[in-house]
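Colleague: need a 3D model of the following:
(chains A and B)
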Amino acid sequence: GDSVTQTEGPVTVSESESLIINCTYSATSIAYPNLFWYVRYPGEGLQLLLKVITAGQKGSSRGFEATYNKETTSFHLQKASVQESDSAVYYCALGLYQGGRALIFGTGTTVSVSP
Amino acid sequence: NAGVIQTPRHKVTGKGQEATLWCEPISGHSAVFWYRQTIVQGLEFLTYFRNQAPIDDSGMPKERFSAQMPNQSHSTLKIQSTQPQDSAVYLCASSLDRTANTGQLYFGEGSKLTVL
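Modeller: Numbering: from 1, shown residues only, chains lettered A, B, ... in the order given. Presented below is the predicted three-dimensional model:
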């Protein structure tokens, strides 16, 4: 079936350290799904961080990057130097065209950045 | 431009009671989605409307759950005879129809339902 697996949290990192959240996907109902990272900051609603809809491409936003790797079915999220404001819950998501079920989410990774 | 508005933010019901959750999508958005979030299951898709018509309700539990979109400005999720296992945060999201297929959804802050 279609599913997303991501790094289990919580993840704690110190400010200015690097961060990587692993995400792998399985897409059986569509050959080239769209891939997304959503984020929920404390006290806010879930919001799109970045998306990539073409295999091989890289998306970036707010210093985060993720590359759509079709061969390894991965979409890892990385940031070279985190800030305390990056503390949030990050969700990897798979976008399917057919059937209207727009997004299948991973379980979320809670990231805490300590000063 | 206001975001997706969900009410109530918190609802506590007794077992067997009915709960109705409301969602006001972003003006001009023609696609509306409902998701449910629990610690155990994470974020689960429930149902999806486009131009007020139900498109995919494959995630909805077969019993007790129903969703409607009587007009373009609001959608409701109704749970009859609530059970403790219905306790969750229910998220509503909307999108422009052309972006629904690319998955760019705008979420509300959610309605937290607690069934005692």
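
Colleague: for residue A:60, what are its contacts?
Modeller: The contact partners of residue A:60, taken as CB atoms under 8 Å, 6 or more residues apart in numbering or on different chains, are A:50, A:66. Placement of C-beta: from N, CA and C, glycine included.

Colleague: and if we set it to 10 Å?
Modeller: A:49-50, A:52, A:66-67, A:78-79 (CB atoms under 10 Å, 6 or more residues apart in numbering or on different chains).

Colleague: what helix or strand is it on?
Modeller: Secondary structure assigned from DSSP states H and E places residue A:60 in strand A:58-61.

Colleague: for that strand, which strands pair with it and how are they oriented?
Modeller: Here strand A:58-61 is paired, per DSSP bridges, with strand A:64-67 (antiparallel).

Colleague: residues near residue 40, how many?
Modeller: Picking chain A for this. Per other CB atoms under 10 Å in any protein chain shown, the neighbour tally for residue A:40 reads 20.

Colleague: not what I meant, chain B
Modeller: Around residue B:40 there are 7 other residues, counting by other CB under 10 Å.

Colleague: so who does the closest residue to residue A:33 other than its chain neighbours touch?
Modeller: Spatial nearest neighbour of residue A:33, excluding adjacent residues (CB to CB, 6 or more residues apart in numbering or on different chains): residue A:27 at 4.4 Å. Each residue near residue A:27 by CB under 10 Å, 6+ apart is listed here: A:1-4, A:33-35, A:70, A:73, A:94-96, A:104.

Colleague: go again using 8 Å as the cut-off
Modeller: Residues in contact with residue A:27 (CB under 8 Å, 6+ apart) are A:2, A:33, A:73, A:94, A:96.

Colleague: that'll do, ta.
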